[in-house]
Each structure stands twice: as C-alpha cells, then as structure tokens.
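[1] Test case, fold it:
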Amino acid sequence: MIPNYVTKEVLDNIILDAIREDLGDGDHTTLAVIPEGKTGKASLVAKENGIIAGLDLAEIVYGKFNKEIDQVNYFKDGDPIKKGDIIFELSGNARDILSSERLVLNFMQRMSGISTHTRKLVDMIDDLPVKLLDTRKTTPNLRMLEKWAVLIGGGTNHRIGLYDMIMLKDNHVDLAGGIKSAVEKAVEYLKSTGKQLKIEVETRNLEEVRSAIQTGQVDIIMLDNMSVVDMKRAVEMIDGKIMTEASGNVNEDTIREIAECGVDFISVGALTHSIKSLDLSLLTKI
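    Numbering: from 1, shown residues only. Model prediction:
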C-alpha cells in the first residue's frame, strides 16, 4: 500500500527527474543494438535474502517508459525473499525494459535494503510495547521513498519533515536559553499561528528531563544518548504522563536493552542513512 504522503505529484517528480538524469538524450547503447519494436522478457531475481520493497513503485516506473510493459509479481512489498527467488517477470518492448532496468533496480535495491534492516530491528523488540521510528536522516529528494520502505519493513514514520512537528533539539534549546524558554516560545508560536502540532523536546540528562516535565506543555520527551541507567530513571520520572523516545547509539547490540527501559519509541537514523542495498538482478530472456 502506498502511504498518503507519497502522492502522485511526489512520485512524478522523483521518477521523471531520475529518468532525465539517467536517459539524457537517449539510451544510445540500446538504441544501437536492439531493433525498434522488438519484444522481450525479463525476470527480477534475488541475489540475497531479505525483505522486498518497491514492487508497487516498479510498476509506476515502467508505466512512465511504456504502459504496455506487463509486470507479473510473485511477491508483494514486505514479503521475505530468499536468494534465487524470482520476484517478478516482465514482458513488453525490449528497448524500454532495458532502458528502465537500472532505475528500477536502484530504487528497489535501496528500498529493500531499508526494509530488510528495519524488519531485523523490529523483530528484535517485537514482543515489547515500543515502536521503531525513522528520522530525517534521509537521501535528499528520496525521503518519501525511504520512509515508505521503513513502513514496508514494519517500522513507524516519525515526522516527515520540518513542517509537521515542533522538535526542540539541543541546538534549539541552547540558542533559546534552555528548555523552559524554548517550550514557552514554541507554545506561543503555535497559539499565534493557529497550528496544531505536537511538541517534542530533546533532553541530554535527568535535569533536562525534569525541566521538560515541569513545563507541562510537552507531548514527547526524547532521551538522547543517555545511559541505560539514566534512561530507566527518566522513564520512572515521567511515569507514563508523557510519551518517551530513545535516540542515539541504537544498533543491533543495544536496541533490546534500550527497549526494555520502558520507552514508547526508539528512533534509528541508520534505518535510512547507513543502509546496504539489497542485491537484486534483472535477467533478460529471448
């Protein structure tokens, strides 16, 4: 399912820009050796295990090249795949299949790498009442696709951009003169603009947690790079009255212990900024 923030306009902009970047004034290799009107077939094959993502996107991309390309899927987005699996088969204009090959692979390999790592971390904390969040640490102009891939992998999207939440990070807090002042300014801004946005504040120690609680105006308190001992203490101080998010130094070795601290959310920038693409290959047939 395509999330509502991945609109037709968003997809058109991303795909058409990518086509212009790759195709330029023509795929001269294909134009030189493949006769006009020749038809062909191809299969997308997994070269390693993982979680597949981008099947819905691939159909849209092929449609931009040639609406007559037929894509038959044997999996759906979010399914586990194994090395050697045929993900889908294509049939249609051979030139268009070849010219769109790398673009589809680039999108799907990136998205599948994100969904695979997301699923791995989600599975490690699946029995606990905590949600795995992504961040804004995304590839410029590809954020919507990368966040879509997080959803496919079983994660939860945090804010999509700067416009859908007030998030008072450490730099905001320091420049505003402290947490109390920063929150007061944020509340006043929302009142003056009529905007209804949640307020999250980043805290670096228990003293800042206490300050955030005392404002009575915060929806989420981020516990940033805290030790497990301090994180547990912070959760006790907050006592379920405000949502909590753990952030910083989250990986496969630490996520379980962090989740057991009782936080509501764990955000992981590495879901999108440090991902190895999943190896996929498009093989043509005569």
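[2] in a helix, that's where Gly63 is, yeah?
    Yes. With DSSP: H, G, I helix; E, B strand; the rest coil as the criterion, Gly63 is located in a helix.
[3] which ones are touching it?
    Each residue near Gly63 by C-beta atoms under 8 Å, 6 or more residues apart in numbering is listed here: Ile69. Backbone N, C-alpha and C define where each C-beta goes, glycine included.
[4] Would you mind giving both backbone torsions of Thr244?
    phi -120, psi 140 (degrees, to the nearest 10).
[5] can you give me the helices for the stretch 1-150 of the chain?
    8-23, 28-33, 55-65, 94-124, 143-152 (DSSP state H, counting those that start in this stretch).
[6] got these as a markdown table, with mean pLDDT columns?
    Listed next are the helices of the stretch 1-150 of the chain as a markdown table, based on pLDDT from 0 to 100:
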| stretch | mean pLDDT |
| --- | --- |
| helix 8-23 | 97 |
| helix 28-33 | 98 |
| helix 55-65 | 97 |
| helix 94-124 | 98 |
| helix 143-152 | 98 |
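[7] So for Ala42, which of those helices sits nearest?
    helix 94-124 (5.4 Å; C-beta to C-beta).
[8] picking up where we left off before, minimum distance to Thr272: which of the helices of the stretch 1-150 of the chain has it?
    Nearest of those (C-beta to C-beta): helix 143-152, 4.6 Å.
[9] Give me the sheet partners of whichever helix or strand comes after that closest one and which way each runs.
    Moving toward the C-terminus from helix 143-152, the next helix or strand (DSSP states H and E) is strand 166-168. Looking at strand 166-168 with DSSP bridges, its partner strands are strand 199-203 (parallel).
[10] Check which element follows the partner strand along the chain.
    Past strand 199-203, the next helix or strand by DSSP H and E is helix 206-215.
[11] now the next helix or strand after that following helix, how far from the centre of its chain.
    Once the chain leaves helix 206-215, the next helix or strand it forms, by DSSP H and E, is strand 220-224. Offset of strand 220-224 from its chain centre (C-alpha atoms, centre = their mean, to the nearest Å): 20 Å.
[12] same check, this time on stretch 183-195
    Distance, centroid of stretch 183-195 to centroid of chain: 29 Å (C-alpha atoms, centre = their mean).
[13] avg pLDDT for it?
    Taken as a whole, stretch 183-195 carries a mean pLDDT of 98.
[14] Okay, buried residues for it please.
    Neighbour-count burial for stretch 183-195, counted by 16 or more other C-beta atoms under 10 Å, picks out Val183, Ala186, Val187, Leu190.
[15] quick one: which of the helices of the stretch 1-150 of the chain is nearest Phe75?
    helix 55-65 (6.9 Å).
[16] Can you point out the buried residues in that closest one?
    Leu55, Asp56, Leu57, Ala58, Ile60, Val61, Tyr62, Lys64, Phe65.
[17] Kindly report the same for stretch 237-252.
    Buried, per 16+ other C-beta under 10 Å, within stretch 237-252: Met237, Ile238, Ile242, Met243, Thr244, Glu245, Ala246, Ser247, Gly248, Val250.
[18] buried sites along the helix or strand the first one falls within?
    For Met237, the enclosing helix or strand under DSSP H and E is helix 228-238. Residues of helix 228-238 classed as buried by neighbour count (16+ other C-beta under 10 Å): Asp230, Met231, Lys232, Arg233, Ala234, Val235, Met237, Ile238.
[19] In strands, which of the buried residues of stretch 237-252 appear?
    Residues of those located in strands (DSSP state E): Met243, Thr244, Glu245, Ala246, Ser247.
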